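# return a 3D structure for these sequence lines:
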Amino acid sequence: MDFSSIGITSVAAITAICYLIGQTVKVTGIDNKWIPVICGVCGLGLGVAAMFIMPEFPATDYITAAAVGTASGLAATGINQAVKQLSNNE
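Below you'll find the predicted structure:
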């Protein structure tokens, strides 16, 4: 099965970009509580942009593209927390 035909690579790309944005925000003076919001908003924008730029993107309308992008952006914070919790040595 070719995963690129269902657009999974574009969704993973949005998650990776949002993860990097979250890491960038983390080293700035912005309070860490805003990282999920920033990642979600960036994911929303990237999702809508990807609808136009990537022909294999799994959304064909603005609302679905925004939802896919937002979920991908928020997934980036979940990935960060999973890595953080799994590497936490008590």
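# switch to C-alpha atoms for all contacts and neighbour counts from now on
Will do.
# now do the end-to-end distance for stretch 57-66.
For stretch 57-66, the separation between the terminal residues is 12 Å (CA to CA, to the nearest Å).
# the helix of greatest length in the chain packs against which elements?
Scanning the chain for the helix with the most residues, using DSSP state H, yields helix 62-86. With contacts defined as 3 or more CA pairs under 8 Å, 6 or more residues apart in numbering; DSSP states H and E, helix 62-86 has these neighbours: helix 8-27, helix 35-53.
# out of the ones you listed, deepest packed?
Per-stretch averages of neighbours, counted by mean count of other CA atoms under 10 Å, single out helix 35-53 among these, with a mean of 22.
# tell me the mean pLDDT over it?
What helix 35-53 shows for mean pLDDT is 94.
# and if you look at stretch 69-86?
Rounded mean pLDDT across stretch 69-86 is 86.
# buried stuff in it?
Buried positions in stretch 69-86, judged by neighbour count with 16 or more other CA atoms under 10 Å: 69-77.
# perfect, that will be all.
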